[in-house]
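Asks: got a sequence here, can you model it:
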Amino acid sequence: MKIHFIAIGGSAMHNLAIALHLKGYRITGSDDEIFNPAKGRLEKYGLLPAAIGWNPDKITPDLDAVILGMHARIDNPELLRAKELGLTIYSYPEFLYEQSKNKTRVVVGGSHGKTTITAMIIHVLQFNHVECDYMVGAQLAGFEVMVKLSESAQLMIMEGDEYLTSPIDRRSKFHLYKPNVGIISGIAWDHINVFPTFDIYIDQFRIFAEMIDDTYIYCADDPVLKIMSEKIDTPFKIAYTVHPYVIRAGITYLKTETGEIPLQIFGKHNLANLNAARFACHAIGVTDEQFYAAIQSFKGASKRLELIGKSKETVVYKDFAHSPSKLKATIQAVREQYPDYHLIACMELHTFSSLSETFLKEYRNVMDDADTAMIFFEHKAVEHKKLPPITEEMVYNSFARRDLEIFNDSELLKTRLLEIKHQKSVFLLMSSGDFGGINLEDFATVLVEKQ
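Replies: Next up, the predicted model:
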């Protein structure tokens with residue numbers, strides 16, 4: 001097949017392009033901006049466009065399909081040309097469904113934890129030599145791509161995102177996957193630019209849950225999700241909570257019927273994620289014995305409580321947390337794992353929701369478990385998203401923490417972090433961005449050396 005990608009440089013799009021290339025498809029693509037790691041990875045496989053920008057001449061009648069990325073606009077010249085020629089146009093989720101409609105589909109949804117749960121299931125299946133196709137929203141250790149599609153696998157494990165499908169399809173992505181086994185890890189209002197009220201946001205998950213045709217797995221610790229789920233009618237419904245555990249000498253152990261199982265991950269939210277993955281694995285034929293044997297070697301998904309620096313008395317983590325629920329859960333996890341350390345939590349307001357004055361109030365008290373709390377945001381990021389200006393006072397009042405430190409300059413932030421001196425310190429750097437251009441791995445090395 002010959003397929004063209006409009007907006008090939010996206011995180012999901014470039015991974016799908018590589019996956020199809022490895023499958024033997026002929027792939028072309030365009031984009032108006034491509035950054036690393038997508039740029040380097042596309043170049044490695046000979047898929048990097050020769051020139052940046054849109055070129056309608058690339059849209060030819062011999063294309064079997066065009067895949068449209070969310071980054072493209074509705075008036076994209078390549079999209080208009082594809083419509084003019086009457087070509088088959090897929091959104092990213094539409095194409096994934098087409099590739100997996102004859103497989104058993106396990107779809108993981110939720111405002112938080114879905115990447116980790118998806119990654120856990122894939123890890124367990126790979127460990128036990130169970131073939132599966134997959135799509136996950138983060139790079140996994142030992143995996144070349146975030147998407148795998150094959151003819152032989154009978155299972156498809158998919159991360160189900162509630163965000164919009166494409167510029168020409170306003171449905172939530174996970175509404176297109178038609179899951180056999182479906183998980184919802186929790187519901188916490190996000191993406192207010194497309195879901196302006198919490199009720200509208202909740203409704204996306206209700207629609208998803210009602211589509212599940214076999215096993216529905218949900219977190220009973222989430223009161224909003226619990227109420228919604230009690231009204232969902234599916235053949236099998238499983239409510240899960242945090243897996244029993246104990247922490248000793250900085251290591252988290254699962255408490256099981258056959259003894260304690262050591263883990264490389266930690267935090268109550270991850271122990272809940274683990275239980276969701278366990279029940280999903282049950283639904284597709286994996287035993288507890290197989291699950292526990294595999295999960296011991298799971299190190300987590302990229303940017304999810306990822307250890308990037310460590311010395312005898314200093315630890316540095318980076319995390320993707322940006323929404324209020326993710327922020328609170330991540331800070332609590334580190335607090336529990338390092339009770340005797342001074343916890344410095346630094347978070348960047350970077351997403352559309354987090355930079356909106358109307359949404360900022362959702363962050364009230366979420367950083368209270370940190371000893372030192374810092375917020376970074378750039379005024380130019382607010383301007384780029386075409387949002388009304390926010391001020392340091394708005395941020396200060398929203399988080400409701402008297403000693404909150406707020407920064408707009410990345411150099412001043414780095415200077416302040418390097419000033420912090422405690423006998424034992426754990427730094428938690430949380431963002432879906434890069435704190436104004438900071439290389440977190442390099443900076444973690446400096447932090448560890450300076451302590």
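Asks: now do the domain split for the chain, please.
Replies: 2-87, 95-295, 306-450 (automatic domain parsing).
Asks: hang on, Met367 in a strand?
Replies: No: looking at Met367 with DSSP: H, G, I helix; E, B strand; the rest coil, it is coil, so not inside a strand.
Asks: how many residues are close by it?
Replies: Met367: 24 surrounding residues under other Cβ atoms under 10 Å. Every residue, glycine included, has its C-beta placed from N, CA and C.
Asks: ramachandran coordinates for it?
Replies: Here is the backbone geometry of Met367 (degrees, to the nearest 10): phi -110, psi 20.
Asks: dump the domains of the chain to CSV, plus mean pLDDT.
Replies: As requested, the domains of the chain are exported to CSV (pLDDT from 0 to 100):
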stretch, mean pLDDT
domain 2-87, 95
domain 95-295, 94
domain 306-450, 93
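Asks: can you give me the strands for the stretch 51-200 of the chain?
Replies: 65-68, 89-91, 104-109, 133-135, 147-148, 155-159, 164-166, 169-172, 181-184 (DSSP state E, counting those that start in this stretch).
Asks: buried ones in stretch 391-403, by neighbour count?
Replies: Within stretch 391-403, the residues scored as buried using 16 or more other Cβ atoms under 10 Å are Val395, Ser398, Phe399, Arg401.
Asks: cool, stretch 336-348 as well?
Replies: Gln337, Tyr338, Tyr341, His342, Leu343, Ile344, Ala345, Cys346, Met347, Glu348.
Asks: residues near the closest residue to the first one other than its chain neighbours, how many?
Replies: Leaving out its chain neighbours, the residue that sits closest to Gln337 by Cβ to Cβ, 6 or more residues apart in numbering is Phe266, at 4.6 Å. Each residue near Phe266 was counted by other Cβ under 10 Å, and the total is 20.
Asks: ok, Leu429 next?
Replies: The number of residues packed around Leu429, counting by other Cβ under 10 Å, is 28.
Asks: phi and psi next, for it.
Replies: Dihedral angles of Leu429 (phi, psi; degrees, to the nearest 10) stand at phi -110, psi 110.
Asks: the closest residue to it other than its chain neighbours and Cys346: what is the separation?
Replies: Of all residues not flanking Leu429 in the chain, Lys318 sits nearest, at 4.8 Å (Cβ to Cβ, 6+ apart). Lys318 sits 10 Å away from Cys346, going by Cβ to Cβ, to the nearest Å.
Asks: got any residues that touch both of these two?
Replies: Counting by Cβ atoms under 8 Å, 6 or more residues apart in numbering, the contacts common to Lys318 and Cys346 are Leu429, Met430.
Asks: what sits against the closest residue to Met1 other than its chain neighbours?
Replies: Of all residues not flanking Met1 in the chain, Asp64 sits nearest, at 4.4 Å (Cβ to Cβ, 6+ apart). Contacts of Asp64 were listed using Cβ under 8 Å, 6+ apart, and they are Met1, Lys2, Ile3, Thr88.
Asks: what's the burial count for Met1?
Replies: Met1, neighbours per other Cβ under 10 Å, totals 11.
Asks: does it really touch Ile27, like I thought?
Replies: No: at 9.2 Å, Met1 does not count as touching Ile27 under the criterion of Cβ atoms under 8 Å.
Asks: joint contacts of these two?
Replies: Leu20.
Asks: helices along the stretch 51-200 of the chain, start to end?
Replies: 77-85, 92-100, 114-127, 198-211 (DSSP state H, counting those that start in this stretch).
Asks: Pro49 looks like it's in a strand, true?
Replies: No: per three-state DSSP, Pro49 lies outside any strand segment and is coil.
Asks: now it: how far from Val66?
Replies: Distance, Pro49 to Val66, by Cβ to Cβ: 15 Å.
Asks: neighbour count: those two, which is higher?
Replies: More crowded of Pro49 and Val66, by other Cβ under 10 Å: Val66, with 23 against 19.
Asks: what is that one paired to in the beta sheet?
Replies: Per DSSP bridges, the residues bridged to Val66 are His4, Ile89.
Asks: list the contacts for it?
Replies: Taking Cβ under 8 Å, 6+ apart, we find Val66 in contact with Ile3, His4, Phe5, Ile6, Ile59, Glu78, Leu79, Ala82, Leu87, Thr88, Ile89, Tyr90.
Asks: could you flag which of the residues you listed are buried?
Replies: By neighbour count, with 16+ other Cβ under 10 Å, the contacts of Val66 hold Ile3, His4, Phe5, Ile6, Ile59, Glu78, Leu79, Ala82, Leu87, Ile89, Tyr90 as buried.
Asks: and the fourth one, what is it in contact with?
Replies: Going by Cβ under 8 Å, 6+ apart, Ile6 touches Gly29, Ser30, Trp54, Val66, Ile67, Leu68, Gly69, Ala72, Asn76, Glu78, Leu79, Ala82.
Asks: can you check the second one too?
Replies: For His4, the residues meeting the contact criterion (Cβ under 8 Å, 6+ apart) are Ile27, Thr28, Gly29, Ser30, Lys58, Ile59, Leu63, Ala65, Val66, Ile67, Glu78, Ala82.
Asks: how far away is it from Asp64?
Replies: 9 Å.
Asks: on that earlier part again, biggest separation within the contacts of Asp64, which pair?
Replies: Largest separation among the contacts of Asp64 by Cβ to Cβ: Lys2 and Thr88, giving 11.4 Å.
Asks: okay then, goodbye and thanks.
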